[in-house]
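[1] just the structure for this:
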Amino acid sequence: MEQYTIAELIDKHHETHQEPPRPHMGASQLGHPCDRWLWLSFRWAVAQKFPGRMLRLFRRGQNEEQVIVRDLRAIGIDVQRTGAQQSRVDFECHVSGSIDGIAESGVPFGDGKRYVLEFKTHNAKSFDKLVDDGVAKSKPMHYAQMQVYMLGMRIEQALYVAICKDDDRIWTELVQFDKDIANSLVERGKRIALSDRMPEPLSADPSWYVCKFCPAHEFCHKSRTTKEVNCRTCAHSTAKPDSTFRCERCIVTGK
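    Predicted coordinates for the structure are as follows:
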C-alpha cells in the first residue's frame, strides 16, 4: 500500500475538492491578455486543475479578506457588503462579478467618498514589484477588475489593499475610474462570450512565456482538441445575450 505524509494527504484532499468552473465571464478575468483563453475557459473547454498547495494558498487569500476588513474597520473605515453580502455587478451577455466590499466612508484622504474595495495577497517578489510599479503596471488584471467594478457600481474610485504573505507588509493604492477602459473591458467580455467561433491565440509561438505556462498550452499548440465534454463544448450550444445558453439540438429533437 502506498504511503503518504500528512502534508501529502492534506493536499490530496484539497485536490479532490476543486472549485467547479464559474458559469459566467468573470470580471476578474477580463484583463487577461488572451481572447482565446477567455473563450476556452468560459466554454469550459479547458479544465484548470490546481495542486493542493495552490488550493491552500487560494484559501489563505480568501481567509485574509476577513482580517483586512477588521483592520480597515478598526481605523474608522465603514466597510460594507463583504462576505455573504457581497455586491454583484451584472452587465448581461454573461459578464458579471462579485466585489470584495464597499467603503461607504472613512477612507483617509478620501474626501468622504465611497470606494470599491479590492483585496489581494502577494508573495514577496510580487509585492515588491507592486510597490515599485503600482497596480496598473504590475497587476493589470487586478486593475482591470477594479475598473469593471467601478463601472458596475457607479463609483469613481477604488481602494486596492495588498498584503505580503511573507512578512505581512501592507500596501494600499487609490485607483481612479477610467470610463473608456472599463467600457472596453466589458465590451470585450461580451464579444468573447457571445462568439460561436474560437478567437485566435495570443501567440503562435508555443515557447513564449505567456503561452508556455497557460493551462490551454496543449490545446492550442499540440492536440487542438478538448478533453472536456459538456453542453458548452457542444457545437449545438449558443451563448445568448440574456446570459443563457440555447441548445439547437434540443430544440430540433424536442428534448
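
[2] in what helix or strand does residue 172 lie?
    Per DSSP states H and E: residue 172 is located in strand 170-176.

[3] dump that strand to PDB, keeping only the CA atoms.
    Output of strand 170-176 as PDB, limited to C-alpha atoms (Å, rounded to 0.1, in the frame of the first residue of the first chain):
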ATOM      1  CA  ILE A 170       0.500  46.200   3.700                       C
ATOM      2  CA  TRP A 171       0.300  48.300   0.500                       C
ATOM      3  CA  THR A 172      -2.700  50.400  -0.300                       C
ATOM      4  CA  GLU A 173      -3.400  52.300  -3.500                       C
ATOM      5  CA  LEU A 174      -6.200  54.600  -4.600                       C
ATOM      6  CA  VAL A 175      -7.300  53.900  -8.200                       C
ATOM      7  CA  GLN A 176      -9.400  56.300 -10.200                       C
END
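
[4] hang on, residue 42 packs against residue 25?
    Yes - checked against C-beta atoms under 8 Å, the pair residue 42 and residue 25 is within contact range at 5.2 Å. Glycine gets a C-beta too; all of them are placed from N, C-alpha and C.

[5] about what we covered before: okay, now the sheet partners of the strand holding residue 172, with direction.
    strand 157-164 (antiparallel) (DSSP bridges).

[6] contact partners of the partner strand?
    Outside strand 157-164, the residues within contact range by C-beta atoms under 8 Å, 6 or more residues apart in numbering are 64, 68, 72, 103, 107, 110, 113-124, 127, 130, 135, 142, 146, 149-150, 169-177.

[7] filter those residues down to the buried ones.
    64, 68, 72, 103, 107, 114-122, 127, 130, 135, 142, 146, 149-150, 171, 173, 175, 177 (16 or more other C-beta atoms under 10 Å).

[8] ok, longest helix in this structure?
    helix 52-74 (DSSP state H).

[9] so which bits of it are buried?
    52, 55, 64, 65, 68, 69, 72.

[10] among those, which pair sits farthest apart?
    Greatest spatial distance in those: 52 and 72, 30.9 Å, computed using C-beta to C-beta.

[11] picking that back up, name the helices or strands packed onto whatever helix or strand comes next after the longest helix of the chain?
    Proceeding N to C from helix 52-74, the next assigned helix or strand is strand 78-80, under DSSP H and E. Secondary-structure packing of strand 78-80 (3 or more C-beta pairs under 8 Å, 6 or more residues apart in numbering; DSSP states H and E): helix 52-74, strand 101-105.

[12] strands paired with strand 78-80, and their directions?
    Strand pairing for strand 78-80, determined by DSSP bridges: strand 101-105 (antiparallel).

[13] would you mind measuring from the most centrally placed residue in the chain to residue 185?
    Nearest to the geometric centre of the chain sits residue 28, at 2.9 Å (C-alpha atoms, centre = their mean). Distance of residue 28 to residue 185, given as C-beta to C-beta, to the nearest Å: 11 Å.

[14] for residue 204, same thing?
    To residue 185, residue 204 is 25 Å away according to C-beta to C-beta.

[15] any idea how far the closest residue in space to residue 95 that isn't next to it in sequence lies from residue 100?
    Leaving aside its chain neighbours, residue 95 sits nearest to residue 189 (4.1 Å; criterion: C-beta to C-beta, 6 or more residues apart in numbering). Going from residue 189 to residue 100 by C-beta to C-beta gives 19 Å.

[16] okay then, goodbye and thanks.
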